[in-house]
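Novice: Turn this into a model:
(chains A and B)
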Amino acid sequence: MNVYDVLKERGYIAQATHEEEIRALLANEKVSFYIGFDPTADSLHVGHFLGMMVMAHMQRAGHRPICLIGGGTGTVGDPSGRTDMRQMLTDDIIEHNCNCFKKQLQRFIEFDEGKALMVNNGDWLRKLNYIEMLRDIGPHFSVNRMLAAECYKQRLEKGLTFLEFNYMIMQAYDFMELNRRYNCKMEMGGDDQWSNIIAGVELLRRKYETPAYGLTFTLLTTSEGKKMGKTAKGALWLDPSKTSPYEFYQYWRNVNDSDVKNCLSLLTFLPMEEVIRLSSLENEQINEAKKVLAYEITKIVHGEEEAAKAQEAAKALFSGQGVLDNAPSLKISAEMLGSRLLDLLVEAKVFASKGEAKRIIQQSGLSLNNEKISDIDRLLTSADFSDGFCMLKKGKKKHYRLTLSNN
RNA sequence: GGGUAGGUGCCCGAGUGGUUAAAGGGAACAGACUGUAAAUCUGUCACCGCGAGGUUACGAUGGUUCGAAUCCAUCCCUGCCCA
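Specialist: I've put the predicted structure just below:
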């Protein structure tokens, strides 16, 4: 089966510059294609993960992914679809973030034997000569056309700086450079990148009359159209120290019924028949599908062992069976015993402030060893511990396994 | 550079001297109902305090006033129009 059809069947594809030609191209030759990742944070998140899934499908089909790290474009910041300007990052932060991205990408894409490439656009963008660059590619861009691009729509109302306006040109330049260096023929990206992608495709076609293609994939949104992968704390990160495998697992375990199918087909490698079977389960049966979904994604992102641990912990916490060893834990210093539970939990960042803690306790949202705490002055004592731990529950779903430490 | 409209809590947005920790909406959080779902309903939603109360907050800094998010000055930032 042609990868194009695989991608289409699984619901990845949003827009393509030349649908039939791309289909034929992917069927007939091994194609080098690229996806760019701008180093806006020190970890990739679920949005990036979707792109990596696309890369993985393409790689499995024999094509060559080029992961482009935006060490150059990251200095400018992509205004696409945004209402405000991105915070300008310092060179040090950008470099650090690039390194973090590199490490994470290596976990998902197979780089051995030239099966994939990882390059940084800082290598060429940062040493460009302004006049030369302008004269080289400037004539191929129409400002009128650029201004009409969908990606600037929001910003034309709120204000767009020249710095950011140039982002599109830099991205187009990247495609040209990758085409020259690695014979890269196609650029892929999230659908919000469509304008930037056609800019590159058109540049190559105009300037060199080279065939170039662009393909965008669906953005990961809920059935209500909201962005997926947002947690109370912010993004759902792929870095286990920023979002623990358990939290990660729980996120997917709790998606809406109506999003199960989409998530299964986009974020796991399960065969489509299985995706369809699971997502057509009804009522509480669909929980089975959610368990599979959570397990599968966690497995891809954090490995089988972590996925199993997360699943085990969830089972112990929510069904009361199995071992609690892998439940999210919290160490309490032994010498703090006898203090107010509330103070300890604020100290441990379970609550953002004492006010919040009190409120939750007053709303009966906190329980210790399955008993609701109603007294805000409740002390935590050794009597609460058995077998060296006690279980704390905040709200309906947040569990902590408290253990004692000696320092 | 000139004119003009603005900068309010996580976001949007009302408020133009005192009863305003600041309407309303959204998000979020807790509870009920459930399937670790959705929808719905109820409550909460700056910080400290058991409480009375206190502290900090409406772009920044200074000032007027018994009292300012609201008035004045200077500065910074943004939109629009003109050059």
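Novice: use CA for all of it now, contacts and neighbours both
Specialist: Will do.
Novice: and chain A, which of its residues are near RNA strand B?
Specialist: Proximity of chain A to RNA strand B, by Cα under 7 Å from any atom of the strand, involves residues A:156-161, A:231-232, A:250, A:253-257, A:282-287, A:311, A:314-315, A:318, A:352-356, A:359-360, A:363-366, A:394-398.
Novice: Give me the contacts around stretch A:306-322.
Specialist: Under the criterion Cα atoms under 8 Å, 6 or more residues apart in numbering, residues A:245-246, A:249-250, A:295-296, A:298-299, A:323-327, A:399 lie in contact with stretch A:306-322.
Novice: Stretch A:249-263 now?
Specialist: Judged by Cα under 8 Å, 6+ apart, the contacts made with stretch A:249-263 from elsewhere in the structure are A:11, A:222-223, A:275-276, A:278-279, A:286-287, A:289-291, A:293-295, A:297-298, A:307, A:310-311, A:314.
Novice: sec struct for A:P79, please.
Specialist: Three-state secondary structure (criterion: DSSP: H, G, I helix; E, B strand; the rest coil) places A:P79 in coil.
Novice: hmm, I was thinking of A:L404
Specialist: Following three-state DSSP, we place A:L404 in the strand state.
Novice: Give the closest residue to it in space, chain neighbours not counted.
Specialist: When the adjacent residues along the chain are set aside, A:L404 lies closest to A:I332, with 4.9 Å between them (Cα to Cα, 6 or more residues apart in numbering).
Novice: which intervals of the stretch 301-407 of chain A have sub-threshold pLDDT?
Specialist: In the predicted model of the stretch 301-407 of chain A, residues A:407 satisfy pLDDT under 70.
Novice: where along it do the strands fall?
Specialist: Remark: strands of the stretch 301-407 of chain A, listed N- to C-terminal, are A:329-333, A:366-368, A:371-372, A:389-394, A:398-405; assignment by DSSP state E, counting those that start in this stretch.
Novice: Please work out which residues outside the longest one touch it.
Specialist: Spelled out, that is strand A:398-405. Residues external to strand A:398-405 that are found in contact with it (Cα under 8 Å, 6+ apart): A:317, A:324, A:327-334, A:388-393.
Novice: Now do the helices in the stretch 251-400 of chain A.
Specialist: Residue ranges of the helices in the stretch 251-400 of chain A, as given by DSSP state H, counting those that start in this stretch, are A:260-267, A:272-279, A:286-302, A:304-319, A:341-347, A:354-362.
Novice: ok, the residue minimising distance to the centre of chain A to A:G74 distance?
Specialist: The centre of chain A sits closest to A:V46, judged by Cα atoms, centre = their mean, with a distance of 1.7 Å. If you measure A:V46 against A:G74 using Cα to Cα, to the nearest Å, the figure is 19 Å.
Novice: any idea which helix or strand comes after the helix or strand hosting A:F33?
Specialist: When secondary structure is defined using DSSP states H and E, the element that contains A:F33 is strand A:32-37. For strand A:32-37, the following helix or strand on the C-terminal side (DSSP H and E) is helix A:46-60.
Novice: the domain parsing of chain A - what is it?
Specialist: Taking automatic domain parsing as the criterion, chain A consists of the domains A:3-217, A:230-319, A:329-405.
Novice: Strands of the stretch 151-300 of chain A, start to end?
Specialist: When secondary structure is read from DSSP E, counting those that start in this stretch, the stretch 151-300 of chain A shows strands at A:184-190, A:213-217, A:230-231, A:234-235.
Novice: Adding mean pLDDT, write those strands out as CSV.
Specialist: Output for the strands of the stretch 151-300 of chain A, formatted as CSV (pLDDT from 0 to 100):
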stretch, mean pLDDT
strand A:184-190, 97
strand A:213-217, 97
strand A:230-231, 74
strand A:234-235, 77
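Novice: mind putting those strands in a markdown table, mean neighbour count included?
Specialist: Written out in a markdown table, the entries for the strands of the stretch 151-300 of chain A read as follows (neighbours: other Cα atoms under 10 Å):
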| stretch | mean neighbour count |
| --- | --- |
| strand A:184-190 | 24 |
| strand A:213-217 | 24 |
| strand A:230-231 | 14 |
| strand A:234-235 | 13 |
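Novice: okay if I get those strands as TSV plus distance to A:S32?
Specialist: Below are the strands of the stretch 151-300 of chain A laid out as TSV (distance: least, Cα to Cα, whole Å):
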stretch	distance to A:S32
strand A:184-190	5
strand A:213-217	11
strand A:230-231	32
strand A:234-235	30
